[in-house]
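J.: the following comprises the amino acid sequence and a computationally predicted model.
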Amino acid sequence: MPAHRLFFGLEVPGPVAEQLLQVPAPIAGAQWQAREQLHLTLAFLGEVGEPRLPLACTLARQLRHQRFDLRVQGLGCFGPADNPKILWAGVTPEDTLRQLQHRLATQLADYGFELERRAFKPHITLSRFHPPAGTVSPLLELYRNAVFGVMAVNHFALFESSAGTRGGSVYTVVERFELQHERSG
């Protein structure tokens with residue numbers, strides 16, 4: 001039975017993506033993400049068999065969470081700045097996003113989905129690095145306080161990841177899940 005490599009995440013809207021795509025600079029080992037690869041991962045499911053795919057979608061449809069906004073701001077990296085693994089853009093505020101992520105991850109785990117064990121660090125990957133990697137220190141300094149725009153988080157999506165050409169992954173939206181409007185009164 002075929003398996004799907006799946007993750008839940010947020011799509012990056014066009015205007016924010018266009019600002020993020022201004023960051024790439026010539027750095028040794030950098031594999032910059034293309035427009036269609038930009039996203040913010042909420043929960044990585046890994047390989048999921050065909051029979052479990054409908055359950056993942058049902059659980060996501062049942063999730064209740066209010067809509068919110070995220071400011072995409074500043075750059076950071078995983079690994080040391082002079083030998084980075086990943087260069088990323090940060091988001092703020094993180095509290096509401098962390099609540100959404102926690103609710104989703106808890107619901108999935110309660111139904112037997114195995115999720116990554118590392119702590120959730122909200123970010124949008126801009127580049128992955130292959131050794132030997134050049135330094136990103138000048139970019140971190142240049143974009144320390146940069147605001148790339150605001151993302152209105154009205155929904156989240158289930159993505160399927162597949163191998164693309166030239167080593168990059170292709171992310172296809174399987175389904176989008178709407179968040180609730182704020183109640184008034």
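T.: Received it, and whenever you're ready, just let me know what you need. Numbers count the residues shown, from 1 in each chain.

J.: what average pLDDT does the lengthiest helix in the chain get?
T.: Using DSSP state H, we find that the single longest helix of the chain is helix 95-110. The average pLDDT for helix 95-110 rounds to 96.

J.: give the pairing partners of the next helix or strand after it; include direction for each.
T.: Downstream of helix 95-110, the first helix or strand assigned by DSSP states H and E is strand 124-129. Its sheet considered, strand 124-129 pairs with strand 30-32 (antiparallel), strand 86-92 (antiparallel) by DSSP bridges.

J.: quick one: pLDDT of residue 167?
T.: Note for residue 167: predicted pLDDT of 60.

J.: list the buried residues of the longest helix of the chain.
T.: By 16 or more other CB atoms under 10 Å, the buried positions in helix 95-110 come out as 97, 100-101, 104-105, 107-108. All C-beta spots, glycine's among them, are computed from the backbone N, C-alpha and C.

J.: ok, now stretch 71-89?
T.: Within stretch 71-89, the residues scored as buried using 16+ other CB under 10 Å are 72-77, 81, 84, 86-89.

J.: which two of these have the greatest separation?
T.: 72 and 81 (20.0 Å; CB to CB).

J.: give me the neighbour count for residue 8.
T.: By other CB atoms under 10 Å, the residues close to residue 8 number 26.

J.: can I assume it sits in a strand?
T.: Yes: counting by DSSP: H, G, I helix; E, B strand; the rest coil, residue 8 is part of a strand.

J.: so in terms of bridging, what pairs with it?
T.: Assessed by DSSP bridges, residue 8 has beta-bridge partners residue 43, residue 158.

J.: so what's it up against?
T.: Contact analysis of residue 8 by CB atoms under 8 Å, 6 or more residues apart in numbering lists 41-43, 45, 60, 104, 156-159.
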